[in-house]
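**Student:** sharing a model prediction with you, sequence too.
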Amino acid sequence: MTFRLHWKLMLATTVPVIAVIVGIIWLAFDQLAADYFMVLMDKYMVSPTDTHRAFLTAVHRYLLWASLIALILAFLLSYLLTRRVLRPLTQMIEASRQIAAGNFTQRVEIAPNDEIGELGTAFNRMSDSLEQIERLRKSMVADVAHELRTPLTNLRGYLEGLSDGVIPPDQATLKMLQQENLRLVSLVEDLGQLARADAARAYLDRRPIDLTECVNEMLTLYRMNFDQKNIQVTTRFDTEETTVQADRDKLLQAIRNLIENGWKYTPAGGVITITSKRTASGLRMDFINNGPGIPTEDVPYIFERFFRAEQSRSRDAGGAGIGLAIVKELIEAHGGQVGAESIPGETRIWFELPD
């Protein structure tokens with residue numbers, strides 16, 4: 001395809017130009033120069049017929065040779081120039097084949113700041129996105145397998161022990177089995193919520209929603225959880241107008257995950273503060289807790305699926321690392337954005353929704 005395009009460009013840029021130039025020169029000699037030659041012959045009383053014919057024949061012969069040489073040189077220069085211009089396209093074709101075969105590391109050399117250069121830049125960005133998506137996919141498969149393996153291994157061990165009579169079928173054993181089963185159910189439910197969050201953009205039922213009302217509803221739901229850890233929850237809404245266009249159920253899910261995240265990682269006797277304020281682009285809500293904080297290098301990744309700042313943390317205490325990923329998907333589905341900031345002793349997670 002590139003070879004055909006190469007020759008098309010050469011023919012389109014070389015042949016018409018040479019043909020037009022030769023035609024103009026040919027006509028110029030036949031009309032202007034020949035007429036001037038006839039005037040000179042008349043002035044000096046020389047028979048013009050044979051001389052005029054010889055003059056035109058010589059001019060046409062040299063013009064044809066000059067045109068042939070010019071055409072060869074034009075083809076050579078055009079070939080070299082168009083080949084240089086089309087080099088990024090050739091690289092993109094080869095890189096596309098590699099990407100189609102599963103090699104997402106292919107990139108193209110960026111040409112100068114022209115249209116082909118912009119195409120190369122866009123191609124490299126696409127390759128970066130595909131490589132990141134593939135990396136996340138592999139990581140997610142591995143994480144899901146790990147999350148499922150732990151409770152399934154425990155269940156298998158206990159069931160084999162019960163079957164062999166090594167473990168007595170007492171209440172403590174049955175409770176342990178129930179906990180492992182609930183962990184599996186919780187993980188499957190989280191994965192289902194994540195799948196629904198991914199598809200949220202196509203199924204949003206946007207209506208005027210009061211964010212303050214949603215937050216208070218979720219706080220009421222988690223009141224007993226906060227009381228058990230003696231956590232003090234304060235709210236500070238800087239504006240009375242906290243209405244946004246959103247899907248109520250999906251927005252409640254995002255707020256619930258943020259409140260549950262704060263409850264899990266706030267120490268007993270700690271404080272959670274929820275604030276809202278108007279910004280130039282919409283309404284922002286911050287969820288602040290005085291937990292141990294998140295390492296600075298981990299903050300950019302806490303919204304990734306299955307990411308946990310403390311990799312050795314208990315799954316029972318920390319969960320599977322899906323909650324904030326669900327928040328990110330749901331908020332971005334509404335056209336908003338999420339973010340996080342953390343210092344020792346304080347973690348702030350926020351989202352912003354457009355009006």
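**Tutor:** Perfect, I can see it now. Numbering: from 1, shown residues only.

**Student:** and the residue lying closest to residue 98 once chain neighbours are set aside, how many neighbours?
**Tutor:** Closest residue to residue 98 apart from its sequence neighbours, by CB to CB, 6 or more residues apart in numbering: residue 106 at 4.3 Å. In short, each C-beta sits where N, CA and C put it, glycine included. Applying other CB atoms under 10 Å, we find 19 residues neighbouring residue 106.

**Student:** contacting residues for residue 106?
**Tutor:** The neighbours of residue 106, taking CB atoms under 8 Å, 6 or more residues apart in numbering as the test, are 94-95, 98-99, 127.

**Student:** residue contacts, residue 64?
**Tutor:** Applying CB under 8 Å, 6+ apart to residue 64 gives no contacts.

**Student:** ok, it to residue 73 distance?
**Tutor:** The spacing between residue 64 and residue 73, counted by CB to CB, to the nearest Å, is 15 Å.

**Student:** can you check residue 175 too?
**Tutor:** Counting by CB to CB, the gap from residue 175 to residue 73 is 90 Å.

**Student:** same question for residue 227.
**Tutor:** Look at residue 227 and residue 73: by CB to CB, they are 89 Å apart.

**Student:** all helices for the protein, in order.
**Tutor:** Secondary structure of the chain (DSSP state H): helices located at 2-28, 34-43, 48-100, 115-164, 171-198, 211-221, 223-228, 248-265, 315-318, 323-333.

**Student:** the last one - what's its average pLDDT?
**Tutor:** Across helix 323-333, the average pLDDT comes to 85.

**Student:** which strands and helices lie in contact with it?
**Tutor:** Counting contacts by 3 or more CB pairs under 8 Å, 6 or more residues apart in numbering; DSSP states H and E, helix 323-333 is packed against helix 171-198, helix 248-265, strand 337-343, strand 346-353.

**Student:** let's see it at 6 Å
**Tutor:** Packing partners of helix 323-333 (3 or more CB pairs under 6 Å, 6 or more residues apart in numbering; DSSP states H and E): helix 171-198, helix 248-265.

**Student:** which stretch in these has the least confidence?
**Tutor:** helix 171-198 (a mean of 74).

**Student:** how many residues are close by residue 163?
**Tutor:** Neighbour count of residue 163, defined by other CB under 10 Å: 9.

**Student:** whoops, residue 169 was the one
**Tutor:** So residue 169, with other CB under 10 Å, has 11 neighbours.

**Student:** tell me the confidence at the nearest residue to it once chain neighbours are set aside?
**Tutor:** What sits nearest to residue 169 in space, not counting adjacent residues and going by CB to CB, 6+ apart, is residue 162, at 5.6 Å. With respect to pLDDT, residue 162 scores 80.

**Student:** swap in residue 35?
**Tutor:** For residue 35, pLDDT reads 61.

**Student:** residue 284 too?
**Tutor:** Looking at residue 284, the pLDDT reads 91.

**Student:** which residue is the nearest non-sequential neighbour of it?
**Tutor:** Nearest one to residue 284, counting by CB to CB, 6+ apart, is residue 352 at 4.3 Å.

**Student:** neighbours around the one you found, how many?
**Tutor:** Residue 352 has 20 neighbouring residues, counting by other CB under 10 Å.

**Student:** which ones are touching residue 180?
**Tutor:** Counting by CB atoms under 6 Å, 6 or more residues apart in numbering, residue 180 touches 151, 154-155.

**Student:** so, low pLDDT: which residues of the stretch 201-350 of the chain?
**Tutor:** Within the stretch 201-350 of the chain, the ranges that satisfy pLDDT under 70 run 201-202, 239, 306-321.

**Student:** how far away from the center of its chain is stretch 174-192?
**Tutor:** Centroid separation for stretch 174-192 versus its chain: 33 Å, with CA atoms, centre = their mean, to the nearest Å.

**Student:** just the CA trace of that stretch, in CSV.
**Tutor:** Taking Å, rounded to 0.1, in the frame of the first residue of the first chain, the C-alpha atoms of stretch 174-192 are listed here in CSV:
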residue,chain,number,x,y,z
LEU,A,174,-18.6,-23.5,60.9
LYS,A,175,-18.3,-19.8,61.6
MET,A,176,-14.8,-19.8,59.9
LEU,A,177,-16.4,-21.5,56.8
GLN,A,178,-19.2,-19.0,56.8
GLN,A,179,-16.7,-16.1,56.9
GLU,A,180,-14.7,-17.5,54.0
ASN,A,181,-17.9,-17.9,52.0
LEU,A,182,-19.0,-14.4,52.8
ARG,A,183,-15.6,-13.2,51.6
LEU,A,184,-16.2,-14.9,48.3
VAL,A,185,-19.7,-13.4,48.0
SER,A,186,-18.4,-10.0,48.8
LEU,A,187,-15.6,-10.2,46.2
VAL,A,188,-18.1,-11.4,43.5
GLU,A,189,-20.4,-8.5,44.5
ASP,A,190,-17.6,-6.0,44.2
LEU,A,191,-16.7,-7.3,40.8
GLY,A,192,-20.3,-7.0,39.7
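
**Student:** mind listing what's buried in it?
**Tutor:** Residues of stretch 174-192 classed as buried by neighbour count (16 or more other CB atoms under 10 Å): 177, 180, 183-184, 186-187, 190-191.

**Student:** per the record, what domains does this protein have?
**Tutor:** 2-103, 141-200, 204-353 (automatic domain parsing).
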